[in-house]
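Enquirer: sequence unknown, structure follows:
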């Protein structure tokens, strides 16, 4: 499998997540084809979303839709005993920027104030290079 095929799979999964959400059953065939476990795939997918947001090639609204579509998979993996990290942290980072806090001034963008620094920290912890 080529890098382009893998990128195509990840892109397709992102779109599916935004449209219908994803379950473990949805990702199992891709995991088998890539010869990786579901935690690895979910971590790779969420890191792709985080990198896109950080590089400003994916906007916040798209990213939050993807992450909300992955919520069930992340939760199921955690229940099964394999909490996917950094997937859970990335999910929580996007969740943190979804709404303003009552204490935030009107001009505050919650995605910039809360999500962006969390994503930057996660990427620094989990990637050798953010390109």
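Expert: Nice, I can see it. Every value quoted in this text rests on a predicted model; they were computed, and no experiment measured them. Residues are numbered from 1 along each chain as shown.
Enquirer: list the contacts of stretch 113-127.
Expert: 47, 50-51, 53-54, 60, 86, 89-90, 92-94, 96-97, 104, 130 (C-beta atoms under 8 Å, 6 or more residues apart in numbering). In this view, the C-beta of every residue, glycine as well, is placed from N, C-alpha and C.
Enquirer: report the buried residues of that stretch.
Expert: In terms of neighbour count (16 or more other C-beta atoms under 10 Å), stretch 113-127 has its buried residues at 114-116, 118-119, 122-123, 126.
Enquirer: among those, name the ones in strands.
Expert: Judged by DSSP state E, the buried residues of stretch 113-127 include no members of strands.
Enquirer: so which strand or helix has the most centrally placed residue in the chain?
Expert: Residue closest to the average C-alpha location in the chain (C-alpha atoms, centre = their mean): residue 46, at 2.6 Å. Under the criterion of DSSP states H and E, residue 46 resides in helix 38-54.
Enquirer: ok so, going back, so what's the residue nearest to the centre of the chain scoring on pLDDT?
Expert: Looking at residue 46, its pLDDT reads 97.
Enquirer: who wins for neighbours among the contacts of stretch 113-127?
Expert: Greatest neighbour count in those, by other C-beta atoms under 10 Å, goes to residue 90: 31 neighbours.
Enquirer: what's near enough to touch the nearest residue to residue 67 once chain neighbours are set aside?
Expert: What sits nearest to residue 67 in space, not counting adjacent residues and going by C-beta to C-beta, 6 or more residues apart in numbering, is residue 94, at 4.4 Å. By C-beta under 8 Å, 6+ apart, the contact list for residue 94 reads 49, 53, 60, 63-64, 67, 115, 119.
Enquirer: residue 94 and residue 60: what is the separation?
Expert: Using C-beta to C-beta, to the nearest Å, residue 94 is found at 8 Å from residue 60.
Enquirer: overlap in contacts of those two?
Expert: 53, 115.
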